[in-house]
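Colleague: here's my sequence, what's the structure:
(one chain, ligands or ions: 2)
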Amino acid sequence: MAFVAHQLFSGFSSSAARNVVIKSVTIIGGGQMGAGIAQVAASTGHSVTLVDTSDDILKKSIETIEGSLRRVVKKKFADKPEAGEEFIRNVMQKVLTSADAASAVRGSDLVVEAIAENLKVKQDLFRRLDKLAPPHTIFASNTSSLSISDIASSTNRPDKFGGLHFFNPVAMMKLVEVIGTPATSQETSESLMNFSKVLGKTPVSSKDTSGFIVNRLLVPCIVEAIRMYERGDASKEDIDIAMKLGAGHPMGPIELADYIGLDTVKSIMEGEAKDPDNPLFASSDLLNKLVAEGKVGRKTAEGFYKYK
Ligand SMILES: CCCCCCCCCCCCC[C@H](O)CC(=O)SCCNC(=O)CCNC(=O)[C@H](O)C(C)(C)COP(=O)(O)OP(=O)(O)OC[C@H]1O[C@@H](n2cnc3c(N)ncnc32)[C@H](O)[C@@H]1OP(=O)(O)O
Ligand SMILES: NC(=O)c1ccc[n+]([C@@H]2O[C@H](COP(=O)([O-])OP(=O)(O)OC[C@H]3O[C@@H](n4cnc5c(N)ncnc54)[C@H](O)[C@@H]3O)[C@@H](O)[C@H]2O)c1
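Modeller: Ligands and ions are numbered 1, 2, ... in the order given. Modelled structure (predicted):
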């Protein structure tokens, strides 16, 4: 799939002190999160370029976006199927794909990174993109657990760098955490807050602290659930039923781990385990085994559970 450089760089105001109005967005990583972010950005009128490492992966990303749009349209245009089809066509036209991050970022107001949860890999990517993106371009990471300051330190634009933490599935989850570091400028934070609102999300702001808001509270729940299952205190089914019916969660913590992806869960755990003061993240034999077997949850049709 060839990259088509149609995007007009249009939203930047001449004054460096003014907010960047985000019109064109490059999303790096076309997996669960990147595809979802591309979908909501295109659905709200942004020109989107979705980047991944190969055309085959990007083809799957496009299928994922179209599949999710069909579910959205089924409700939104319940009585007008033709209008729904037209909506899908219009949204899909706004999503270009490219396996070449370097050309994709050249006309972009915002770059959102949603690649693997690995500090060095994210730093390497941003170090490269920093040299290619225009000076006004804001960089944002969708990291679940890494420090935004650490990722931003690979660039020369820490003032134009923030966290934009979406939730899975992006099409359905209303929250975005906007993370500012001590170096993030007020204009950048405001631009990211405004962008999130334009996407139809509710943004909250958080300092660049471990887990931000949601994961600081959610991750211990998932960790304890997996340990409880490993110890044999309860079956995985009962743990999930208990948290759905007893705590009102839409998914149980073990189902949710499968939904997030056990590869991502393992990367988060290993990143956090570097803190010797936090025994919460000691390794889990069961999690390691599932990941080693390629059973990383829903995306591979098997994790703790099997999926059709
Ligand atoms: C021992 C050591 C362990 C170490 C552990 C370390 C832990 C690490 C943890 C990492 C955490 C990282 C997390 C990440 O940074 C942040 C997150 O994203 S957390 C995840 C947040 N998400 C959730 O909590 C999801 C909860 N689930 C739900 O809200 C719902 O279940 C659902 C996903 C919306 C699905 O709903 P269901 O009712 O279950 O199922 P349905 O299939 O019927 O769907 C309902 C409704 O929604 C529509 N829909 C669902 N998915 C999509 C989609 N992708 N696109 C479009 N529409 C979708 C569907 O069509 C249905 O519509 P309806 O038919 O009702 O009109
Ligand atoms: N899965 C979740 O529930 C969830 C929720 C919020 C945030 N996150 C975070 O979002 C990020 C992505 O998670 P995901 O679940 O979408 O992962 P994923 O495995 O579904 O997708 C990651 C994609 O990035 C691509 N990729 C890897 N390196 C790349 C590179 N250098 N250039 C371009 N593409 C590259 C991979 O090919 C893959 O398609 C992670 O940082 C994760 O912590 C995940």
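
Colleague: the closest residue to Lys295 other than its chain neighbours pairs with what?
Modeller: Nearest non-adjacent residue to Lys295, counting by CB to CB, 6 or more residues apart in numbering: Glu302, 4.4 Å away. No exception for glycine: its C-beta is placed from N, CA and C like everyone else's. Counting by DSSP bridges, Glu302 is bridged to Gly297, Lys306.

Colleague: state the distance from Glu302 to Gly29.
Modeller: In this view, Glu302 and Gly29 are 23 Å apart by CB to CB, to the nearest Å.

Colleague: now swap in Ala257 and tell me
Modeller: From Ala257 to Gly29 the distance is 20 Å (CB to CB).

Colleague: wait, what's in contact with Ala171?
Modeller: When the contact criterion is CB atoms under 8 Å, 6 or more residues apart in numbering, the partners of Ala171 are 36, 39-40, 68, 71-72.

Colleague: wait, Glu230
Modeller: Applying CB under 8 Å, 6+ apart, we find Glu230 in contact with 284-286.

Colleague: so which of those wins on neighbours?
Modeller: When neighbours are counted by other CB atoms under 10 Å, Ser284 leads the contacts of Glu230 with 19 neighbours.

Colleague: Arg227 is in contact with that one, correct?
Modeller: Yes - between Ser284 and Arg227 there is a contact under CB atoms under 8 Å: 7.1 Å.

Colleague: ok so, going back, mind putting the contacts of Glu230 in CSV, pLDDT, secondary structure and distance to Asn156 included?
Modeller: Listed next are the contacts of Glu230 as CSV, based on pLDDT from 0 to 100; DSSP: H, G, I helix; E, B strand; the rest coil; distance: CB to CB, whole Å:
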residue, pLDDT, secondary structure, distance to Asn156
Ser284, 92, coil, 39
Asp285, 94, helix, 43
Leu286, 96, helix, 43
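
Colleague: can you redo these as CSV with distance to ligand 1?
Modeller: Below are the contacts of Glu230 laid out as CSV (distance: CB to the nearest ligand atom, whole Å):
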residue, distance to ligand 1
Ser284, 4
Asp285, 9
Leu286, 8
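
Colleague: look at Glu302 and Gly29 and report which has more neighbours.
Modeller: Neighbour count, other CB under 10 Å: between Glu302 and Gly29, Gly29 has more, with 25 against 17.

Colleague: distance check, that one against ligand 1.
Modeller: Applying CB to the nearest ligand atom, to the nearest Å, the value for Gly29 to ligand 1 is 13 Å.

Colleague: can you pull the contacts of that residue?
Modeller: With CB under 8 Å, 6+ apart, Gly29 has these contacts: 51-52, 113-116, 142.

Colleague: and it, how far is that from Val170?
Modeller: Distance from Gly29 to Val170, counting by CB to CB: 12 Å.

Colleague: now do Lys59
Modeller: 19 Å.

Colleague: centroid residue for this protein?
Modeller: Met33 (3.9 Å; CA atoms, centre = their mean).

Colleague: show the contacting residues for that residue.
Modeller: Per CB under 8 Å, 6+ apart, neighbours of Met33: 114, 142, 166, 168, 170.

Colleague: shouldn't the last one be within a strand?
Modeller: Meaning Val170. No - with DSSP: H, G, I helix; E, B strand; the rest coil as the criterion, Val170 is located in coil rather than a strand.

Colleague: ok, it to Val72 distance?
Modeller: Per CB to CB, Val170 is found 11 Å from Val72.

Colleague: looking at the two, which one has more neighbours?
Modeller: Between Val170 and Val72, counting by other CB under 10 Å, Val170 is the more crowded of the two (23 against 18).

Colleague: how does the protein divide into domains?
Modeller: The chain is divided into the following domains under automatic domain parsing: 2-207, 215-300.

Colleague: those residues of the stretch 151-300 of the chain touching ligand 1, which are they?
Modeller: Residues of the stretch 151-300 of the chain found near ligand 1 (CB under 6 Å from any ligand atom) are 167-169, 171-173, 215, 218-219, 222-223, 226-227, 250-251, 256, 260, 265, 268-269, 284, 287.
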